[in-house]
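S.K.: Sequence and predicted structure below; questions after.
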Amino acid sequence: MDKQANSYDLLILGAGPAGLTAAIYGGRANLRVLVCEEKLSGGEITSTERLDNYPGFPEGVNGLEFGQLLEQQALRFGAVLAGAFIEKAELHGEWKKVTTTAGVFQARTVIIATGTGPRSLGVPGEELLRGRGISFCATCDGPFFRGKTVAVIGGGDAAVEEALYLTRFASRVLLVHRRDRLRAVAYLQEKLLRHPGVTVLWDTVVKGFKGENKLEAVQLQNVKDNSSTEVPVDGAFLYVGRIPNTAFLNGGVETDTAGYIITNEEMETSLPGVYAAGDVRRKFLRQVVTAAADGAIAAMMAVRYLQ
């Protein structure tokens, strides 16, 4: 393979906060940097109405705007962005090769920052009605449910935040949670439980979705008494966990049993010159600020490796 064509010092997979921060640091170190991202710059944060806990934004910042700011900063320092789906990665050896829908790229160092994707429930009707009432992004699809009834599945921060956001549009929001208490942080719980437009269905799981061309009802079961009920809804938003986007690696990098990439504190993976940053790696806290920190460390480790 021609070592000059489509060759870079640093190839970054993913343009979320981790990937774009790495691009900023790599660019400032005068590396030739390429960032591959299939979707919008900013990653999952672009679907967040307001990012409230990132330092330096006392009034918060819109997630889409935050992603655009990160992109502008990375471009300012010379990073190149390729809109491409990552098909496979061959990361052994001196030159690491990544095959994408925009072509084949290679670099001596790679940072994997592909983040996570939404976990599905795996119940009847879910695949059929995805995009026909079932959604994973309230910020994206909330306005379609103005004056309607929607269900939010989950009990963590994302589920509670999006349930509150949906009250701007929906006439009724049902929060379906399998336990008798929420996992979200205290201030979000308090805000949700006080909201007159939200009803929480405790100790309840989804057994299926019903509808022909669009979602019409959700089938629920109480986990304590096993009673079943069918509730008419126009929309359902699923927030039941995340899955790391590592399938394209095909086992080429060491991961844990859940698929998260194992690194040390320097973001080094099991392969020399290959690093992981952000939500895709095994870590305690998955937040924008920790993703950015990961990206900075990974980029500087790549600089050290190249030296």
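M.R.: Everything's here; your move.
S.K.: can you give me the helices for the stretch 101-250 of the chain?
M.R.: 138-141, 157-166, 186-194 (DSSP state H, counting those that start in this stretch).
S.K.: Domains in the chain, by residue range?
M.R.: Per automatic domain parsing, the domain ranges recorded for the chain read 7-117+242-306, 120-238.
S.K.: and those domains, which is most packed in?
M.R.: Highest mean neighbour count among the domains of the chain (mean count of other Cβ atoms under 10 Å): domain 7-117+242-306, with a mean of 20. In short, each C-beta sits where N, CA and C put it, glycine included.
S.K.: avg pLDDT for that domain?
M.R.: Domain 7-117+242-306 carries an average pLDDT of 96.
S.K.: For that domain, what is the distance to the chain centroid?
M.R.: 12 Å (Cα atoms, centre = their mean, to the nearest Å).
S.K.: first vs last residue of it, how far apart are they?
M.R.: Using Cα to Cα, to the nearest Å, one end of domain 7-117+242-306 lies 14 Å from the other.
S.K.: do stretch 78-88 as well
M.R.: 25 Å.
S.K.: Then stretch 97-115?
M.R.: Using Cα to Cα, first and last residues of stretch 97-115 are 20 Å apart.
S.K.: Make 178 the starting number, not 1.
M.R.: Shifting the count to begin at 178 puts that one at stretch 274-292.
S.K.: okay, the helices of the stretch 278-427 of the chain in a markdown table with mean pLDDT and distance to residue 242 next?
M.R.: Below are those laid out as a markdown table (pLDDT from 0 to 100; distance: least, Cβ to Cβ, whole Å):
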| stretch | mean pLDDT | distance to residue 242 |
| --- | --- | --- |
| helix 315-318 | 85 | 12 |
| helix 334-343 | 95 | 16 |
| helix 363-371 | 96 | 22 |
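S.K.: Let's have the ones you listed in CSV, adding distance to residue 403.
M.R.: Listed next are these as CSV, based on distance: least, Cβ to Cβ, whole Å:
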stretch, distance to residue 403
helix 315-318, 30
helix 334-343, 24
helix 363-371, 26
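S.K.: To residue 231, which of those lies closest?
M.R.: helix 334-343 (14.4 Å; Cβ to Cβ).
S.K.: List the contacts of the closest one.
M.R.: Outside of helix 334-343, the residues within contact range by Cβ atoms under 8 Å, 6 or more residues apart in numbering are 225-226, 315-316, 319, 322, 327, 329-330, 350, 352, 354, 359-362, 365-366, 368-369, 372, 375, 414, 416.
S.K.: Which of those residues fall within strands?
M.R.: Those of these mapping onto strands are 327, 329, 330, 350, 352, 375, 414, per DSSP state E.
S.K.: quick one: which two of those are the most distant?
M.R.: Maximum distance among the ones in strands among the contacts of helix 334-343 (Cβ to Cβ): 13.6 Å, for 330 and 375.
S.K.: OK, contacts around residue 288?
M.R.: Contacts of residue 288 (Cβ under 8 Å, 6+ apart): 187-190, 195-196, 199, 444, 451-454, 472, 475-476, 479.
S.K.: ok now do residue 357, which residues does it touch?
M.R.: Taking Cβ under 8 Å, 6+ apart as the test, what residue 357 contacts is 379, 380.
S.K.: where's it relative to residue 378, distance?
M.R.: 11 Å (Cβ to Cβ, to the nearest Å).
S.K.: same check, this time on residue 261
M.R.: 42 Å.
S.K.: How about residue 249?
M.R.: In terms of Cβ to Cβ, residue 249 sits 43 Å off from residue 378.
S.K.: Check residue 326 too.
M.R.: 13 Å.
S.K.: Overlap in contacts, the two.
M.R.: residue 351.
S.K.: My guess is residue 384 contacts residue 398. True?
M.R.: Yes: counting by Cβ atoms under 8 Å, residue 384 touches residue 398, with 5.0 Å between them.
S.K.: shared neighbours of those two, anything?
M.R.: With Cβ under 8 Å, 6+ apart as the test, residue 384 and residue 398 both reach residue 405.
S.K.: longest helix of the protein?
M.R.: helix 465-483 (DSSP state H).
S.K.: now for it, which elements pack on it?
M.R.: Under the contact criterion of 3 or more Cβ pairs under 8 Å, 6 or more residues apart in numbering; DSSP states H and E, helix 465-483 touches strand 184-190, helix 194-205, strand 280-289, strand 451-453.
S.K.: and the angle for it with strand 184-190?
M.R.: 160 degrees (axes from the mean of the first three to the mean of the last three Cα atoms, to 10 degrees).
S.K.: Report the angle between helix 465-483 and helix 194-205.
M.R.: 40 degrees.
S.K.: what residues does helix 465-483 touch?
M.R.: 186-187, 193-203, 206, 208, 222, 228, 230-232, 243, 285-286, 288, 290, 442-445, 449-450, 452-456, 458, 460.
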